[in-house]
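A.B. asks: Need a 3D model of the sequence below.
(one chain, ligands or ions: 1)
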Amino acid sequence: MNTIWWVRRDMRLHDNAALHAASRAGALVPVFVLDEQVLRSRYHRNATRRIEFMTDGLGALDAELRALGSRLIIREGRADDVLSAVAAEVQAVEVFAAGDVTPFGRLQEARVRRRVALSLVTGIGIRPSGVVSKPDGSGYSVFGAFRRAWLSTPLPDPIAPPTQLPAVPDGILGIDVVAAPVRGFPAGETEALRRLDEFTIERIDGYPKERDRPDLDSTAALSPYLKFGMLSSRLAAKRAVERGSEDERGGASRWLDELLWREFYMDVVYRRPEVLREEFNPRLRRIHWVNATDDIEAWKAGRTGFPFVDAGMRQLLHTGWMHNRARMVTASFLVKNLLCDWRIGEQWFMDQLLDGDPPSNNGGWQWVAGTGTDAAPYFRVFNPVLQGRRFDPTGEYVRRWVPELAAISGRDIHEPWKLSAESRAGYPPPIVDIAESRRRMMAAYAEARSRNAAMQLASAP
Ligand SMILES: Cc1cc2nc3c(=O)[nH]c(=O)nc-3n(C[C@H](O)[C@H](O)[C@H](O)COP(=O)(O)OP(=O)(O)OC[C@H]3O[C@@H](n4cnc5c(N)ncnc54)[C@H](O)[C@@H]3O)c2cc1C
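C.D. replies: A predicted model of the protein is given here:
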């Protein structure tokens, strides 16, 4: 009896529940669908580098499958069309796949289910979304409470990788894909597992102290691998638990929390998909944004005149990845200081990030904008100069990404406008006054709050 493993964002052999279930049920055929609708959607159409990373990862997966006697069939088309065609060709009785949380991923599943038997298992997150609930069955909107409930159930053990797989029947054709490897991020599970080992053995203990320092190599840089499932998030969590996460202040525990933020945001999108379009907090909808084109372009190019912001934006442009602290500060600058709609930044990050993932990206943007879960106070604005001085104390991060300022030593680099024009070497002056822009933001948010409150009153029965 034949089965299909519909490869989605679980591009790995280790700890793979869909692969495991498909091979227990029959002789599996691995199929990946390049779905035009996905590739042309607003999330992915400009994300050339992320698609290269994914394509590179498909090549790596195919090589791993071939080493075990199988191969990957890649086809273009709609997932339901492709999977029902392959199912007919190989006479497969069932398709196994990792369940997704995004609205489009779930629509794909519903369409596939109308054409072939589909079994969904957990594989993108650590646990399925929508199961960690309050006693009344609803979801958590505060991370701390979600985390406590999540941790109250023991982690399941990861599944061992297969040692051999059945050959895919001759004559089952797919397309060849060729990708240019993305600099700094070789795709595939071998690299992902190497990074996991290196981080959890050598660097995890220093994580609580150093994780906010973008000038140091202080975090795991695993997010692109988790995004495409080249690394199992369950294996990553298990590794953290084994490294001693019972010590609440230890590195492993702190790192496990970050993996749980990913779980939390997936749960939010699964239960409340509308957050991908509008503010989680209804009191902060329809803010009167300024959205000045010149400001947005300067922000995207890393030419705002604020070195810490520009370093982050240029790291993103050059590598497709940005340190979390820099993500928070650059996002806050766009939303709070330039008063631009957070959706503009969310889209730009989706265009640029190798790890661009709607739940985590949306969660991060709404958290910074103060419109999301966790009631982050909206009046908290990251001051880009103070943040730079604190988290890039020697200016090393700025010097790495903003070469115009490379000759400036020490933390003076965070206020170049106070230095001579020669030492700034063509670096732009600040595009906004920090104190003034903060006042403007406070007024715009306050106005939206009172307008929304009045509308709510007016519509009350
Ligand atoms: C505005 C904004 C946008 C973001 N967009 C994304 C995105 O599109 N995709 C994405 O994976 N992360 C996003 N993040 C979260 C975070 O910045 C990255 O996950 C992290 O920087 C990845 O680096 P790392 O692998 O070294 O993380 P580590 O610090 O080593 O953490 C380990 C893993 O935990 C997860 N994680 C860590 N922090 C968060 C977080 N705040 N929210 C959700 N998951 C987290 C990631 O999967 C990460 O790989 C965003 C954060 C902000 C503030």
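A.B. asks: for Val95, helix, strand, or coil?
C.D. replies: strand (DSSP: H, G, I helix; E, B strand; the rest coil).
A.B. asks: Please determine how far the residue lying closest to Arg249 once chain neighbours are set aside is located from Ile126.
C.D. replies: Excluding the flanking residues, the one nearest Arg249 by Cβ to Cβ, 6 or more residues apart in numbering is Pro208, at 6.5 Å. C-beta: built from backbone N, CA, C; applies to glycine. Pro208 sits 21 Å away from Ile126, going by Cβ to Cβ, to the nearest Å.
A.B. asks: re the thing from before, pretty sure the residue nearest to Arg249 belongs to a strand, no?
C.D. replies: No - using three-state DSSP, the secondary structure at Pro208 is helix, not a strand.
A.B. asks: and it, what does it touch?
C.D. replies: By Cβ atoms under 8 Å, 6 or more residues apart in numbering, the contact list for Pro208 reads 249-251, 254.
A.B. asks: Just the buried ones from those?
C.D. replies: Taking 16 or more other Cβ atoms under 10 Å as the criterion, what is buried in the contacts of Pro208 is 250-251, 254.
A.B. asks: Please, where are all the helices along the stretch 1-150 of the chain?
C.D. replies: Ranges of helices within the stretch 1-150 of the chain are 17-25, 36-39, 48-67, 79-90, 103-115, 143-151, based on DSSP state H, counting those that start in this stretch.
A.B. asks: For Thr293, find the nearest of those helices.
C.D. replies: helix 48-67 (23.0 Å; Cβ to Cβ).
A.B. asks: Poorly predicted segments of the stretch 351-461 of the chain, please.
C.D. replies: Low-confidence segments of the stretch 351-461 of the chain (pLDDT under 70): 375.
A.B. asks: do the same with the chain
C.D. replies: The model of the chain has pLDDT under 70 over residues 245-247, 375.
A.B. asks: Break it down into its domains, please.
C.D. replies: 2-123, 125-157+189-271, 282-455 (automatic domain parsing).
A.B. asks: Let's have the ones you listed in TSV, adding distance to Arg183.
C.D. replies: What follows is the domains of the chain, written out as TSV (distance: least, Cβ to Cβ, whole Å):
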stretch	distance to Arg183
domain 2-123	9
domain 125-157+189-271	12
domain 282-455	7
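A.B. asks: Would you mind confirming that Ala407 makes contact with Ser423?
C.D. replies: Yes - counting by Cβ atoms under 8 Å, Ser423 is a contact partner of Ala407 at 6.2 Å.
A.B. asks: got TSV for the helices of the stretch 1-150 of the chain, with distance to Trp365 and mean neighbour count too?
C.D. replies: Shown next, in TSV, are those (distance: least, Cβ to Cβ, whole Å; neighbours: other Cβ atoms under 10 Å):
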stretch	distance to Trp365	mean neighbour count
helix 17-25	30	21
helix 36-39	21	14
helix 48-67	17	20
helix 79-90	28	20
helix 103-115	17	16
helix 143-151	16	17
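A.B. asks: want to throw these into a markdown table with distance to the ligand?
C.D. replies: Listed next are these as a markdown table, based on distance: least, Cβ to the nearest ligand atom, whole Å:
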| stretch | distance to the ligand |
| --- | --- |
| helix 17-25 | 19 |
| helix 36-39 | 16 |
| helix 48-67 | 10 |
| helix 79-90 | 23 |
| helix 103-115 | 15 |
| helix 143-151 | 9 |
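A.B. asks: would you turn those helices into JSON lines with distance to Arg277?
C.D. replies: Shown next, in JSON lines, are those (distance: least, Cβ to Cβ, whole Å):
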{"stretch": "helix 17-25", "distance to Arg277": "29"}
{"stretch": "helix 36-39", "distance to Arg277": "18"}
{"stretch": "helix 48-67", "distance to Arg277": "21"}
{"stretch": "helix 79-90", "distance to Arg277": "23"}
{"stretch": "helix 103-115", "distance to Arg277": "10"}
{"stretch": "helix 143-151", "distance to Arg277": "22"}
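A.B. asks: closest to Pro403 out of these?
C.D. replies: Nearest to Pro403, of the helices of the stretch 1-150 of the chain and by Cβ to Cβ, is helix 48-67 at 21.5 Å.
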